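[1] model the following, please.
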Amino acid sequence: MASIAFISIIGAAIYEHAAVVPVWSIAPPRSLSMFQGEYGIKPINFWMPVHPVTVLLLAAALMANWKEQRRKQILIVLCCYLLILAITATYFVPELIAITTSAYSAAVSGDLAARASTWEMLSLLRLSVLLILAATLLRSLSMQTQVR
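    The predicted structure follows:
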């Protein structure tokens, strides 16, 4: 279950980077209307509940495999994921909120465009790390268990 939840997060992030980020980041604040107004999309409705569930499932996988060799890899994945969540909470979320809640203007803001570009580049780096962690998790879960 932990691997399914973790990979689901990666799938959602890939979707956002392929379909959503290119639209909102192309010409801010003009291109930010998808987040604004009464019918603006609210990605927080997905991201807020999915992370705690994934952390709990990874913790459960760690406990279930505590006496196995795979414990080390699961622990690495869990700790790195918690670090990524801390970085997300301190940089990615506040910066995204600051960018996406900017007042509408027909003129493109060079400053906002640069901030959006930096956010996107760093978010892709974060996604790359998550992909490495997913491979580590899947590899650990495919390890032979010890016969007791």
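
[2] so where's this protein uncertain?
    For the chain, applying pLDDT under 70 flags the ranges 145-148.

[3] what about the helices in it?
    2-15, 21-24, 44-64, 71-87, 93-100, 110-141 (DSSP state H).

[4] which of the residues in the third one are classified as buried?
    The neighbour-count check on helix 44-64 (16 or more other Cβ atoms under 10 Å) flags His51, Thr54, Val55, Leu57, Leu58, Ala61, Leu62 as buried. In short, each C-beta sits where N, CA and C put it, glycine included.

[5] what does the shortest one give?
    Residues of helix 21-24 classed as buried: Val21, Trp24 (neighbour count, 16+ other Cβ under 10 Å).

[6] check the longest one too.
    Using 16+ other Cβ under 10 Å as the burial criterion, the residues of helix 110-141 that qualify are 112-113, 115-116, 119, 123, 126-127, 130, 133-134, 136-137, 140.

[7] and that helix, what other elements does it pack with?
    On a contact count with 3 or more Cβ pairs under 8 Å, 6 or more residues apart in numbering; DSSP states H and E, helix 110-141 meets helix 2-15, helix 21-24, helix 71-87, helix 93-100.

[8] ok, and for the first one, which residues are buried?
    For helix 2-15, a neighbour-count test (16+ other Cβ under 10 Å) marks Ala2, Ser3, Ala5, Phe6, Ile7, Ile9, Ala13 as buried.

[9] between these, which is closest to Leu82?
    Nearest to Leu82 among the buried residues of helix 2-15 is Phe6, at 12.5 Å by Cβ to Cβ.

[10] what residues are up against the closest one?
    Contacts of Phe6 were listed using Cβ atoms under 8 Å, 6 or more residues apart in numbering, and they are Thr54, Leu57, Leu58, Val77, Tyr81, Leu130, Leu133, Ala134, Leu137.

[11] now with 6 Å?
    Listed by Cβ atoms under 6 Å, 6 or more residues apart in numbering, the contact partners of Phe6 are Thr54, Ala134, Leu137.

[12] tell me how far the closest residue in space to Met1 that isn't next to it in sequence lies from Leu32.
    Closest residue to Met1 apart from its sequence neighbours, by Cβ to Cβ, 6 or more residues apart in numbering: Leu57 at 5.1 Å. Counting by Cβ to Cβ, to the nearest Å, the gap between Leu57 and Leu32 amounts to 34 Å.
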